[in-house]
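> next one to model:
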Amino acid sequence: MERIFAVLRSRGPAWDDSRPLEEQADWPAHAAFMDALFESGFAALVGPLEGTRDALLVLRASSRSEIDERLASDPWTSNGPLITTQVSPWQLRPGTLR
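Numbering: from 1, shown residues only. Below is the predicted model of the structure:
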């Protein structure tokens, strides 16, 4: 059964604080990966949280393990710019994500 999850990802050891988001190593590959998650319907909302070192992803998945598997393919996971710090099932009320 598909559920909605709120996922926090934080800047990891390979993040270069001297460079903006779009100038981080492997940015084009990461951006393409995230676009593909959105196009497939797995990701509903994604983006950095202003004023923090975190990004919020709202994902549709059947389990935490599915999320871990999918995010493992992100170049920013394998190369270290981002680490997943929290995965929480979200009981969205009222409303829905279409």
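> show me where this protein has its strands.
3-11, 43-48, 54-61, 82-89 (DSSP state E).
> for the third one, which positions count as buried?
Spelled out, it's strand 54-61. By neighbour count with 16 or more other C-beta atoms under 10 Å, strand 54-61 contains the buried residues 55, 57-61. Quick note: C-beta positions are derived from backbone N, CA and C, even for glycine.
> likewise the second one?
Along strand 43-48, the positions that meet the burial threshold by neighbour count (16+ other C-beta under 10 Å) are 43-44, 46.
> can you list the residues that contact that strand?
4, 21, 34, 37-38, 54-60, 97 (C-beta atoms under 8 Å, 6 or more residues apart in numbering).
> check stretch 55-75 too.
1-10, 26, 29-30, 33-34, 37, 41-49, 77-78, 82, 84, 87, 90, 97.
> from those, which would you call buried?
Buried among the contacts of stretch 55-75 by 16+ other C-beta under 10 Å: 4-5, 7-9, 26, 30, 33-34, 37, 42-44, 46, 77, 82, 84, 87.
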